[in-house]
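[1] Just need the structure, nothing else, for what follows:
(2 chains)
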Amino acid sequence: MNSKSYKIKEKISDALELPKDITLDIPKITVLGTDSASVENHKGIISYSDNQIRINTGCGILTISGQRLAIKSIIQEEIIITGKISNIGY
Amino acid sequence: MFVLRLWNYFCGYAIIIVQGIKIERFINLAVVNNIYLWDIEKIDYTTIKAKINIKDFFKLRYIVRKTDSNIQIIEKCGMPFKIKTVKKRKWFFFGLGALLIFIYILSSYIWMIEIEGLDKIDEQAVLENLSHVGLREGVKKSKINKREIENRMLIRMPDLTWMGLEIKGTKAFVTVVEKKPEPQLINRDEPCDIVASKNGVIEKILVLNGDGVVKDGDTVKKGQLLVSGTIIRDGLPERYVHSMAEVNARTWYEDVEEIPFEQVEYKKTGRTFTTYSMDIIKKKIERTKKVPFEDYNKSSRDIYIFSFGSYVFPIKLTITKYEELMPLTKIIDGEEAKTICEERLNTKIKLQIPEDAVILNNRIEYFTNDKSLIGKIYVEVMENIGVKVKID
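    Prediction:
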């Protein structure tokens, strides 16, 4: 993450006010209360169980834990997770 | 998302169960290969349940082999499968469609005519005239021109002052207003006489205009001149006036009633007999059965089986009920016969006497022969008998 190209990219997008999630290929996570979360720019699922989902992203492994977690929809750009979410962390 | 779901519904989708150790890899590979999976649920450590488009399902084979997993369809949903079931039960859906079309066609006709506001005119006569101007049961709604029917009805039936036609569903509501008989009025400036409308004895005559011809106490006959509008005075030319007078006279009414001592009464025995008949678009379906009673009371009831609010369809069930009656001969004595006789005479005489008359005297005489009692009623009343007649 601290490579030279990453820093240059960050500076350029800062200067031009471009959305960082696109230019830097980092995830954009939208959480809707405790019921659903969507992760854009993901890089695939690492593990999936009823109470924990681990998703590979551009800046590490995202862990979502909760109860009765289900993947409502999964496409290359976005994952939508529903269920009772209690924790989101890297 | 919703559009996508809808699209999937139209294309058809399957609910599958995937079993394997590398289940995450299975999902990732599906995503990479552009296979859309949704509603993924973990069932246990190695099993997931997911929904997948039918077309994508066959693309899974490669992934399945690569991840060493097991795949199983548990349910097929969506339009293509629905259509399949429809095709299997072709005739059922064909019949359903035919029924809907049939009901739609039937609902564009008039199947019931309700007439309101009738008093003296016979309903049958109105219905007959309506059918002449184009409104009868079984007529297409689109062919009805309300205005024209109303106008033509008013021309055909001069007894009507107004007619309104309203169509609701398959019913036609006809509201009519009957013409009231116009009182024969003579204008105040037209000369007239006053004549007697009935036989009677003048009790009091009060002449307001014109020349009185009769005095109090005179006996007059029907049609006799009471007050003359022609005024003749010596030395003056004849003058004609509009005569006005209060002519109160005593008049009589009488009636006879015979009550036989042997009275036949009909009593219900409690035994009933019911027949049913169907009416489908005026075609009667019926099983003729003989009524097993000699004397009976018949009552029938119509039920429209298919009627939804104002949409009534021409399928009618008629239930006719026959109640057996038993004749009972009863001998009544003179007193009882008298009470019956009096009651009947009073109701009969009431119809004859005008409403504004004052009853002065009421007398009933009875005669008996060996079979019956004969009652005679005499009623003396005071009433206005003056009627205006125009002088030509």
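
[2] Who are the packing partners of the lowest-mean-pLDDT helix or strand in chain A?
    Lowest mean confidence among the helices and strands of chain A (mean pLDDT, DSSP states H and E): helix A:20-23, at a mean of 73. On a contact count with 3 or more CB pairs under 8 Å, 6 or more residues apart in numbering or on different chains; DSSP states H and E, helix A:20-23 meets helix A:4-16. All C-beta atoms are positioned from the backbone trio N, CA, C, and that covers glycine.

[3] Now the helix it packs on: buried residues?
    The neighbour-count check on helix A:4-16 (16 or more other CB atoms under 10 Å in any protein chain shown) flags A:9, A:13 as buried.

[4] could you dump the least confident helix or strand of chain A to PDB, C-alpha only?
    Output of helix A:20-23 as PDB, limited to C-alpha atoms (Å, rounded to 0.1, in the frame of the first residue of the first chain):
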ATOM      1  CA  LYS A  20     -10.600   7.500  -4.500                       C
ATOM      2  CA  ASP A  21     -12.400   4.200  -4.600                       C
ATOM      3  CA  ILE A  22     -12.100   4.100  -8.300                       C
ATOM      4  CA  THR A  23      -8.700   5.500  -8.800                       C
END
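
[5] can you pull the pLDDT of the closest residue to B:Tyr311 other than its chain neighbours?
    Once flanking residues are discounted, B:Tyr311 sits nearest to B:Gly169: 4.0 Å by CB to CB, 6 or more residues apart in numbering or on different chains. At B:Gly169, the pLDDT value in this model is 82.

[6] is it true that B:Gly169 touches B:Val312?
    Yes - B:Gly169 is in contact with B:Val312 according to CB atoms under 8 Å; the separation is 6.8 Å.

[7] So for these two, which residue has more residues nearby?
    The neighbour comparison of B:Gly169 against B:Val312 (other CB atoms under 10 Å in any protein chain shown) goes to B:Val312, with 21 against 17.

[8] what's the neighbour count on residue 26?
    In the absence of a named chain, chain A is used. Applying other CB under 10 Å, I find that A:Ile26 has 18 neighbouring residues.

[9] wait, I meant chain B there
    B:Phe26: 25 neighbours (other CB under 10 Å).

[10] where's the closest residue in space to B:Asn346 that isn't next to it in sequence, which helix or strand?
    In space, and not counting its chain neighbours, B:Asn346 is closest to B:Ile377: 7.5 Å by CB to CB, 6+ apart. Using DSSP states H and E, B:Ile377 sits within strand B:372-384.

[11] and stretch B:374-384, which residues are buried?
    Judged by neighbour count (16+ other CB under 10 Å), stretch B:374-384 contains these buried residues: B:375, B:377, B:379-383.

[12] then that stretch to CSV, C-alphas only?
    What follows is stretch B:374-384, C-alpha atoms only, in CSV (Å, rounded to 0.1, in the frame of the first residue of the first chain):
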residue,chain,number,x,y,z
ILE,B,374,-128.2,-10.8,4.0
GLY,B,375,-127.1,-7.4,5.3
LYS,B,376,-128.2,-4.1,3.8
ILE,B,377,-126.5,-0.9,4.7
TYR,B,378,-127.8,2.6,4.4
VAL,B,379,-125.6,5.6,4.9
GLU,B,380,-126.8,9.1,4.9
VAL,B,381,-124.1,11.7,4.4
MET,B,382,-123.8,15.4,3.9
GLU,B,383,-121.6,16.4,0.9
ASN,B,384,-121.1,19.1,-1.7
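
[13] Who are the packing partners of the strand holding B:Ile377?
    Strand B:372-384 sits against strand B:244-260, helix B:334-352, strand B:358-368, with contacts defined as 3+ CB pairs under 8 Å, 6+ apart.

[14] Dump the ones you listed to a markdown table, plus mean neighbour count.
    Formatted as a markdown table, those follow (neighbours: other CB atoms under 10 Å in any protein chain shown):
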| stretch | mean neighbour count |
| --- | --- |
| strand B:244-260 | 18 |
| helix B:334-352 | 15 |
| strand B:358-368 | 13 |
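
[15] can you list these in TSV and add mean pLDDT?
    TSV is the format used below for the helices and strands packed on strand B:372-384 (pLDDT from 0 to 100):
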stretch	mean pLDDT
strand B:244-260	87
helix B:334-352	85
strand B:358-368	85
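
[16] Now do the helices in the stretch 101-250 of chain B.
    B:123-133, B:146-156 (DSSP state H, counting those that start in this stretch).

[17] contacting residues around residue 65?
    By default, I'm working from chain A. Residues near A:Ser65 by CB atoms under 8 Å, 6 or more residues apart in numbering or on different chains: A:51-53, A:85-87.

[18] Drop anything exposed from the residues you listed.
    For those, a burial check counting by 16+ other CB under 10 Å picks out A:53, A:85.

[19] which one of the contacts of A:Ser65 sits closest to B:Gly164?
    Nearest to B:Gly164 among the contacts of A:Ser65 is A:Ile85, at 68.0 Å by CB to CB.

[20] May I have the beta-bridge partners of that closest one?
    Per DSSP bridges, the residues bridged to A:Ile85 are A:Gly66.

[21] Surely it is in contact with A:Thr30?
    No - A:Ile85 lies out of contact with A:Thr30 (CB under 8 Å); the separation is 11.8 Å.

[22] who touches both of these two?
    Contacts common to A:Ile85 and A:Thr30, judged by CB under 8 Å, 6+ apart, are A:Ala37.

[23] So which residue is smack in the middle of chain B?
    Taking CA atoms, centre = their mean, the centroid of chain B lies closest to B:Glu114, which sits 4.6 Å from it.

[24] Now do the contacts for it.
    So B:Glu114 contacts B:171-174 (CB under 8 Å, 6+ apart).

[25] Likewise for B:Val358?
    B:Val358 makes contacts with B:381-383, as judged by CB under 8 Å, 6+ apart.
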